[in-house]
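[1] sequence first, predicted model second:
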Amino acid sequence: EIAGEMQHAIFLAEKIAALGGKPTTEPAQFKSPKDVKAMLKYDLKLERQVIQNYQARSMQAEEAGEIGLKIKLEELIVEETGHAEQLDRILRGM
């Protein structure tokens, strides 16, 4: 997943710059749970937050008439939803 997530970050940074903004280069701080189940639960929480963020940005893109950006964000939502569903299946199996 790392390569895919890097592609997401590159796309978003380039789009922010193209729209006149300045992308941040400092990563957010995250927890580091010690056991596997806690790690997976935390990752699932983060995936769901990302989905919500992309949904909000998608609506903003549509309002701004940025249809290409809206479509790309919807594609990212599909990918992240798949990741969340996979984590949920793993957790249910534990």
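    Arrived safely, thanks for sending. Numbering: from 1, shown residues only.

[2] max-length helix in this protein?
    Taking DSSP state H as the criterion, the chain has its longest helix at helix 36-63.

[3] can you give me the offset of it from its chain's centre?
    Relative to its parent chain, helix 36-63 has a centroid offset of 5 Å by C-alpha atoms, centre = their mean, to the nearest Å.

[4] just want the angle from the helix or strand harbouring E85 to helix 36-63.
    Assigned by DSSP states H and E, E85 belongs to helix 67-92. Put simply, helix 67-92 runs at 160 degrees to helix 36-63, going by axes from the mean of the first three to the mean of the last three C-alpha atoms, to 10 degrees.

[5] could you number the chain from 52 rather than 1 from now on?
    Happy to do that; since the first residue is 52 now, the last one works out to helix 118-143.

[6] buried stuff in helix 118-143?
    By neighbour count with 16 or more other C-beta atoms under 10 Å, helix 118-143 contains the buried residues L120, K121, K123, L124, L127, I128, E130, E131, H134, A135, L138. Heads up, the C-betas are built off the backbone N, CA and C, glycines and all.
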